[in-house]
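> Predicted structure and sequence below. I'll ask about it afterward.
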Amino acid sequence: MPTSSKPPSGPPRGGRPSSPPHGAGRGRPHHRPEKVHPDRTSPEIGPDGLPQVSLVRRGVDRWQAGHPWIYRADLNGDPGLVGGEVVRVVDGRGWFIGKAFYSRQSKISLRWLSFDDIAVDDDFFRQRLLAAQALRTQALPGETTYRLMHGEADGIPGLVVDRYGDYLSVQFLVPAVEQRKALISDLLQEQFKPKGIVNRSDVSVRHLEGLTPEKGMLRGEAPGPVSFDEGLVRVRADLLEGQKTGAFLDQRENHVVAAQYAHGEALDCFSYVGGFALQLATRAQSVTAVEISELAAAQLRDNAAANKLTNLNVVVANAFDFLRDAVDEGRKFDTIVLDPPSFAKNKDAIAAAVRGYKEINLRAMQLLRPGGILITASCTYHVDEQAFEDMLASAAADARRRMQIIERRGAGKDHPVLLNLRETRYLKCYVLRAL
Ligand code: SAH
């Protein structure tokens, strides 16, 4: 329904548009050329009382092509909002095209909530959480550790909820969910009855949204170390002090796959608390785990001991140096895992990131015995699957190795990828085999 009418566009950036008459009814009574708004000081309000944000043609095209993010440049002027609002999204003529979260500071101004004119109330959030839970029940039956809500890919932009058995660990990444922290905590408590809800919003991406990092308990009791099963091993994680929300849940399925390929002498670089290293140790003769953080290395040793895995040696070192030295010393391995942290936080860093990936992958390929397996991952979303695979091909050529692609994997089923938002396909994990 058209909810505002704009004066015909005279000279661009003319006077302030007249206030919108409501209820003009359906149909296309008038042809009004798109008009660029001057920046607003008071927001335009739609018929349901929600603020209204209008898009320029390019933004409308993008929205209609299914992209769930709209950038600032595609807004029709500054909507004059403080940020964190649920807004009505309208085209240049005032026609409703959807509802979205609005962010004022971020370059991403709008994040898709609905194409339809539905109420975004408590029940809306409850239903999205339940729908997310339904997928996990279906895709991971019997599992009690998983990502329960994966932001935009599960229909609540900026909200991440990880379940570790009786505890939930949550990240609020945009103002709209930050401002609804109490509501979301209540809904999580009501639906899932956890013993405690941890807030792990201590992440630097919050700065892009004008939010400061935050950490603490939202509800219930603070968890001690929590344990969960991965294949044959039991892993302990610290939800309050560990990296991310405590563990790298996105690699869980890949960890288990690694056990299947592990053999001989194995090397795991960037080990953290042992997601891959412990799996390798269930099958391989020996495992060397390389991790730069003393704290993570100590937890990895504890995890190995708790699983009675005595064939695992933890080395606190920079993996780049370790790999270079290993090549220089002529060492060889049968199974190698590379799972580094993200190398590029923005587009400007892509070239350097690809160089970094190539360096470690080239060395790993040089270190493999014939028949050896390389499991190599990248969680940098600015380096997409094609770029990652091109880098691998170039590393293989430089290493003068023939490598077979055995599996092209991604994050687990609890980290769904949104078809129209390639950024949600951030994790690549290849299983390669050396001829
Ligand atoms: N493989 C792990 C997750 C790895 S996260 C899993 O599946 O659970 C990346 C890890 O690399 C972090 O623990 C970080 O401390 C470590 N790290 C970062 N830079 C490193 C470097 N240059 N050398 C070795 N480890 C590094």
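That came through, no problem.
> Tell me the residues of the chain that contact the ligand?
243, 248, 251, 270-272, 275-276, 290-293, 296, 318-320, 339-341 (Cβ under 6 Å from any ligand atom). For every residue, glycine as well, the C-beta is placed using N, CA and C.
> rerun that using 8 Å as the cut-off
243, 247-248, 251, 254-255, 268-277, 290-293, 296, 317-322, 337, 339-341, 377, 379 (Cβ under 8 Å from any ligand atom).
> I'd like to know which of those are buried.
Neighbour counting with 16 or more other Cβ atoms under 10 Å marks 243, 247-248, 251, 254-255, 268-277, 290-292, 296, 317, 319-320, 322, 337, 339-340, 377, 379 as buried within these.
> List the ones among the residues you listed that fall in strands.
Residues of those located in strands (DSSP state E): 268, 269, 290, 291, 337, 377.
> from the residues you listed, which is closest to residue 92?
Nearest to residue 92 among those: residue 377, at 43.4 Å, using Cβ to Cβ.
> Looks like residue 275 contacts residue 248 (just checking).
Yes - with contact defined as Cβ atoms under 8 Å, residue 275 reaches residue 248; the gap is 5.8 Å.
> Next, show the common contact partners of the two.
residue 339 (Cβ atoms under 8 Å, 6 or more residues apart in numbering).
> who's residue 316 bridged to?
residue 291 (DSSP bridges).
> got a list of what it touches?
Applying Cβ under 8 Å, 6+ apart, the residues near residue 316 are 291, 292, 293, 294, 297.
> For residue 299, see how far away the residue in the stretch 201-350 of the chain that the ligand sits nearest to is.
Closest approach between the stretch 201-350 of the chain and the ligand, counting by Cβ to the nearest ligand atom: residue 275, at 2.7 Å. With distances taken as Cβ to Cβ, to the nearest Å, residue 275 is found 11 Å from residue 299.
> Which residue, other than its chain neighbours, is closest to residue 132?
residue 154 (4.2 Å; Cβ to Cβ, 6 or more residues apart in numbering).
> whoops, I mixed them up, residue 410
residue 427 (5.3 Å).
> Can you list which of the residues of the chain next to the ligand are found in helices?
Cross-referencing the residues of the chain next to the ligand against helices under DSSP state H gives 254, 255, 277, 296, 319, 320, 321, 322.
> isn't residue 180 right next to residue 124, touching?
No - counting by Cβ under 8 Å, residue 180 sits too far from residue 124 to count as a contact (10.7 Å).
> Who has more neighbours out of those two?
residue 180 (20 against 17; other Cβ atoms under 10 Å).
> In contact with that one, which residues?
By Cβ under 8 Å, 6+ apart, the neighbours of residue 180 are residue 125.
> mind listing what the residue positioned nearest the centre of the chain touches?
Nearest to the mean C-alpha position of the chain, by Cα atoms, centre = their mean, lies residue 424 at 5.9 Å. Residue 424 makes contacts with 150, 151, 152, 153, 415, 416, 417, 418, as judged by Cβ under 8 Å, 6+ apart.
> cutoff 6 Å now
153, 417, 418 (Cβ atoms under 6 Å, 6 or more residues apart in numbering).
> So residue 143, which state does it fall into?
What DSSP: H, G, I helix; E, B strand; the rest coil gives for residue 143 is coil.
> likewise residue 366?
Going by three-state DSSP: residue 366 is helix.
> Please shift the residue numbers so they start at 863 in all later answers.
Right, with 863 as the first residue, what we last looked at is residue 1228.
> could you list every residue that touches it?
Contacts for residue 1228 were tallied using Cβ under 6 Å, 6+ apart; they are 1189, 1261.
> next one: residue 1142
By Cβ under 6 Å, 6+ apart, the neighbours of residue 1142 are 1124, 1128, 1130, 1149.
> Which one (most neighbours) among those residues?
In the contacts of residue 1142, the most neighbours by other Cβ under 10 Å go to residue 1130, 32 neighbours.
> Distance-wise, check the closest residue to that one other than its chain neighbours relative to residue 1148.
Excluding the flanking residues, the one nearest residue 1130 by Cβ to Cβ, 6+ apart is residue 1139, at 4.1 Å. Distance of residue 1139 to residue 1148, given as Cβ to Cβ: 11 Å.
> go on, residue 1060?
36 Å.
> what about these two, which has more around it?
Using other Cβ under 10 Å as the criterion, residue 1060 and residue 1148 rank with residue 1060 on top: 26 against 16.
> quick revisit: check the burial of the residue nearest to residue 994 by counting its neighbours.
Residue 1016 - counted by other Cβ under 10 Å - has 25 other residues nearby.
> Which stretches in the chain count as helices?
Using DSSP H, helices in the chain cover 919-926, 984-1001, 1037-1040, 1043-1054, 1114-1123, 1139-1143, 1156-1168, 1181-1190, 1212-1229, 1247-1261.
> which of the ones you listed is buried the deepest?
Mean neighbours per residue, mean count of other Cβ atoms under 10 Å, is largest over the helices of the chain for helix 1139-1143, with a mean of 30.
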